[in-house]
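Participant: Requesting a structural model of the entry that follows:
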Amino acid sequence: MNEDSKDEHVKTVYAHFGLTQYLAQVLEHGLANALMYAELLPRRAEKPVPRKQWEAEFDGFMSQQFEQTLGRLIRGLGKATSVPTDLEGLLTDALKKRNFLAHHFFRERAESFMSSNGRDKMIEELEHAQKLFETADERLTEVAKPLRERYGITDEKLKPSEHEYLSKFENDL
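Facilitator: Have a look, this model is predicted:
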């Protein structure tokens, strides 16, 4: 393998690692949203407050969730609502994988990183982790959907807000 292709291969490992960590963070955000549907909205449903107060309470709640570890978010969801067994298993696997990636992956794969074959195996491992995080997030979204719809937050109501938000950016994704 020539030096340029080796450099590209190393960059590919790093790119896959970055994507994997990004997908873990997407899952974390999904858990924060699900907690908002399962915990904050029910608490506020029967006690409306002025918009400014609601916005401050919402922002505070979400900030608090974003300070939590993935494990605490998962446990919080289990306390706030019933979590189907399959989702519980996916979240447990995602937590273990995320913690391994964040704390051990490159150290434990240091020798693998030194060879093309080893880097290929690392990329494959990262692709499996990406799929795990995506699957867990998709299942979480399915489980959270009825929670949000209970409060009138339907797909139809979300689409215009999503479109308005994305229109603010030069979006090339």
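Participant: ok, so what distance separates Lys121 from Val13?
Facilitator: 10 Å (C-beta to C-beta, to the nearest Å). For the C-beta atoms, the positions are set from N, CA and C on the backbone; glycine is no exception.
Participant: any idea whether the residue nearest the centre of the chain is helix, strand or coil?
Facilitator: The structure's the chain has its C-alpha centroid closest to Leu27; by C-alpha atoms, centre = their mean the separation is 1.4 Å. The three-state label given to Leu27 by DSSP: H, G, I helix; E, B strand; the rest coil is helix.
Participant: wait, doesn't it sit right on Leu95?
Facilitator: No - using C-beta atoms under 8 Å, Leu27 makes no contact with Leu95, being 9.4 Å away.
Participant: Can you pull the residues that touch both of those two?
Facilitator: Leu70 (C-beta atoms under 8 Å, 6 or more residues apart in numbering).
Participant: The nearest residue to Thr154 once chain neighbours are set aside: what's it in contact with?
Facilitator: Once flanking residues are discounted, Thr154 sits nearest to Arg148: 8.0 Å by C-beta to C-beta, 6 or more residues apart in numbering. Contacts for Arg148 (C-beta under 8 Å, 6+ apart) come out as 37, 41, 154.
Participant: a markdown table for those residues, including distance to Ser167 and pLDDT?
Facilitator: Shown next, in a markdown table, are these (distance: C-beta to C-beta, whole Å; pLDDT from 0 to 100):
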| residue | distance to Ser167 | pLDDT |
| --- | --- | --- |
| Tyr37 | 25 | 96 |
| Leu41 | 27 | 93 |
| Thr154 | 21 | 93 |
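Participant: Pick out whichever of those sits closest to Val143.
Facilitator: Tyr37 (9.8 Å; C-beta to C-beta).
Participant: re the thing from before, more crowded one of Lys121 and Val13?
Facilitator: Between Lys121 and Val13, counted using other C-beta atoms under 10 Å, the more crowded position is Val13 (19 against 14).
Participant: Please report the distance of that one from Leu40.
Facilitator: 39 Å.
Participant: Ramachandran coordinates for Glu111?
Facilitator: With angles defined as degrees, to the nearest 10, Glu111 sits at phi -70, psi -40.
Participant: Could you check how far the closest residue to it other than its chain neighbours is from Glu124?
Facilitator: Take Glu111 and drop its neighbours on the chain: the residue closest to it by C-beta to C-beta, 6+ apart is Gly118, 6.8 Å away. Relative to Glu124, Gly118 is positioned 11 Å away (C-beta to C-beta).
Participant: can you give me the helices in the protein?
Facilitator: In the chain, the segments counted as helices under DSSP state H are 3-35, 41-45, 51-66, 70-80, 85-103, 105-108, 116-149, 155-166.
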